[in-house]
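Asker: Could you look at this predicted model? Sequence included:
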Amino acid sequence: SLFLFYFLYLCAIIRQRESPRWRKIMNRYPRDMTGYGPTPPEAQWPGGARIAVQLVLNYEEGGENNILHGDAASEAFLSEIVGAAAWPNQRHWNMESIYEYGARAGFWRLHRMMKGLPVTVYGVATALARAPEQVAAMLSTGWEIASHGLKWVEYKDANPEDEAADMAEAIRLHTEVVGHPPHGWYTGRCSENTVRLAAETGQFKYVSDTYADDLPYWMECGETDQLIIPYTLDANDMRFATPQGFNSGDQFYSYLKDSFDVLYAEGGRMMSIGLHCRLIGRPGRAAALQRFIDYANSHDGVWFATREQIADHWNATHPHKRFARPSAMTREDFVAAFGGVFEHSAWVAERAHRLELGPMHDSATGLHNALCRVFRSADANKRLGVLTAHPDLAGKLAAAKRLTASSTAEQASAGLDALTDAQRESFSTLNTAYVTKHGFPFIIAARDHTKDSILAAFGARLNNDRATELEEACRQVERIAEFRLLDLLAN
């Protein structure tokens, strides 16, 4: 009966580990912590520009929380009243008038200032519906009007169905008010579902509900390849309305200038600047924005662009290419693809597939780390088995052409397939002496060497004690695995 209990318990654990929920929690991590890594792509901005500067004007006035709009309480976010509280079932007269300033005065000051520049407006659909004069001015200036949602409210607790319904209504109302549908989307106060839901509409050239990079990038949302143009919360006038933010226009200008200088020096980057009519539209702050625009324009190679223009450029210059992602492979496909990375040791790939893998492991470097973790944590016999699975360098298996394809190519890269009789005899003698002393074959990443340097290393390492040589052999096994993964994931 005790045996039966443990048997049933084990079966339950196995079934649990096979469940989608277990796989989601334990095996796959959805966030991408690598991005472009150390070598971002060449942006190739039009005209050879060094930087793309993108001005975003958030138009939210008239779409904020308000019981007049059917909301439960007044607005509490991004105003002159730092730390304001929402008033349930009550209008907040001061808050409303602060927002009204943005529509009545701030917008027009910014429109005069930036009417000669490409600007993207994040327009809340209900706010746009209450602003026919402002919408007409945006359109007459040629500004892009992207969607900033139906209402400027919080979606973190919204269920996906309600959020998707609001998104659809936002698109409908935006199209009705503006005259054409939006090509970009930014919720702002979003949920974990927002980007996916926006992508699933098939409506948008880009989505901006991330802050994850200095360049556009692609996300795969089901069958949809969605371009992401990251937004900013740092180069953003919202920090005039947050604790420890900007206290003066000079601070805002200084921060924008420093950001611009770093990105301009790096070259091939994008700088987003977030603006709000009721914040930067105040005269004491607007001057700082004008100073920055003048400063940026004093440089050569600056491309002011709308987000839609950036999206069109990126889509044409850097179209998305799907590939078989290791982190998304089934166990069978994963082992078939990477089971030979550690010589004749498919168990390494089998165990690696059970690790928490994610987009970070879809590169040669990332996957190499996962495989090496398994190798390093294995017991001594397992690790020794990997070493003994390696063939002798220029040995009998090579002569008989019985090496794996990877080993054949690696040995050939150092010229070990074209040895003289004397060289072959030297390798044979060294192989025998090395295995007799250490109990495993001499292992070296041939692609790092020539015939002569391999022979020199052979002679030197033959004199090592076994512990030292075991450690070195394991390092070389990992280096060989790295080369193999670079080949497998080259594209």
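Answerer: Arrived safely, thanks for sending.
Asker: hey, let's count contacts and neighbours off CA atoms from now on
Answerer: Will do.
Asker: Give me the below-cutoff pLDDT ranges for this structure.
Answerer: Residue ranges of the chain with pLDDT under 70: 1-26, 65, 74, 76-81, 93, 394-403, 414-415, 417-418, 491.
Asker: could you redo the last one with a cut-off of 80?
Answerer: 1-26, 63, 65-87, 92-96, 152, 241, 244, 392-424, 491 (pLDDT under 80).
Asker: Would you tell me which helix is longest in it?
Answerer: Longest helix of the chain, by residue count under DSSP state H: helix 466-488.
Asker: Report all helices and strands that it contacts.
Answerer: helix 364-377, helix 380-388, helix 421-438 (3 or more C-alpha pairs under 8 Å, 6 or more residues apart in numbering; DSSP states H and E).
Asker: most neighbours per residue, which of those?
Answerer: helix 364-377 (a mean of 19; mean count of other C-alpha atoms under 10 Å).
Asker: which strands and helices sit next to it?
Answerer: If contacts are counted by 3+ C-alpha pairs under 8 Å, 6+ apart, helix 364-377 sits against helix 346-352, helix 466-488.
Asker: what does the longest one contact?
Answerer: The set of residues external to helix 466-488 that reach it, using C-alpha atoms under 8 Å, 6 or more residues apart in numbering, is 341-342, 364-365, 367-368, 372, 383, 387, 406, 437-438, 442-445, 461.
Asker: ok and it relative to helix 421-438, angle-wise?
Answerer: Inter-element angle recorded for helix 466-488 and helix 421-438: 120 degrees (by axes from the mean of the first three to the mean of the last three C-alpha atoms, to 10 degrees).
Asker: Pull out the buried residues from helix 466-488.
Answerer: Neighbour counts over helix 466-488 (16 or more other C-alpha atoms under 10 Å) mark 469-470, 472-485 as buried.
Asker: Let me know the closest of these to residue 158.
Answerer: residue 485 (42.4 Å; C-alpha to C-alpha).
Asker: mind listing what residue 383 touches?
Answerer: 375-376, 474.
Asker: What is the burial count for residue 342?
Answerer: Residue 342 has 24 neighbouring residues, counting by other C-alpha atoms under 10 Å.
Asker: wait, it sits on residue 348?
Answerer: Yes: the pair residue 342 / residue 348 is scored as a contact, 7.1 Å apart, by C-alpha atoms under 8 Å.
Asker: List the residues that contact residue 174.
Answerer: 125, 128-129, 147, 180-182.
Asker: at 10 Å instead, please
Answerer: 123-129, 145-150, 168, 180-182 (C-alpha atoms under 10 Å, 6 or more residues apart in numbering).
Asker: Residue 370 too?
Answerer: Here residue 370 is in contact with 348-349, 351-357, 361 (C-alpha under 10 Å, 6+ apart).
Asker: Is residue 220 part of a helix or strand, or is it coil?
Answerer: Taking DSSP: H, G, I helix; E, B strand; the rest coil as the rule, one finds residue 220 in the strand state.
Asker: tell me which residues form a beta bridge with it?
Answerer: residue 225 (DSSP bridges).
Asker: Contacts only, for it.
Answerer: 196, 199, 226-227, 320, 322.
Asker: of those, closest to residue 283?
Answerer: residue 227 (35.9 Å).
Asker: Would you agree that closest one falls within a strand?
Answerer: Yes: counting by three-state DSSP, residue 227 is located in a strand.
Asker: pretty sure residue 354 is in contact with residue 27, am I right?
Answerer: Yes: Residue 354 is within contact range of residue 27, at 6.2 Å (criterion: C-alpha atoms under 10 Å).
Asker: Give me the more crowded residue out of the two.
Answerer: For residue 354 and residue 27, the more surrounded residue by other C-alpha under 10 Å is residue 27, and the numbers stand at 18 against 15.
Asker: how near is the more buried one to residue 176?
Answerer: 45 Å (C-alpha to C-alpha, to the nearest Å).
Asker: And residue 488, by the same measure?
Answerer: Counting by C-alpha to C-alpha, the gap from residue 488 to residue 176 is 51 Å.
Asker: Let me see the contact set for the residue nearest in space to the middle of the chain.
Answerer: Taking C-alpha atoms, centre = their mean as the criterion, residue 35 is the residue nearest the geometric centre of the chain, at 3.6 Å. Residue 35 makes contact with 212-213, 215, 217-218, 359-360 under the criterion C-alpha under 10 Å, 6+ apart.
Asker: make it 8 Å
Answerer: So residue 35 contacts 213, 360 (C-alpha under 8 Å, 6+ apart).
Asker: going forward can the numbers begin at 312, since that is how I track them
Answerer: Yep, numbering from 312; the last one is residue 346 now.
Asker: now the helices for the stretch 362-511 of the chain?
Answerer: Taking DSSP state H, counting those that start in this stretch, the helices of the stretch 362-511 of the chain run over residues 404-412, 418-425, 436-440, 443-452, 471-489, 505-511.
Asker: Could you identify which of these is most buried?
Answerer: helix 436-440 (a mean of 24).
Asker: Which elements pack onto that helix?
Answerer: By 3+ C-alpha pairs under 8 Å, 6+ apart, helix 436-440 packs against helix 471-489.
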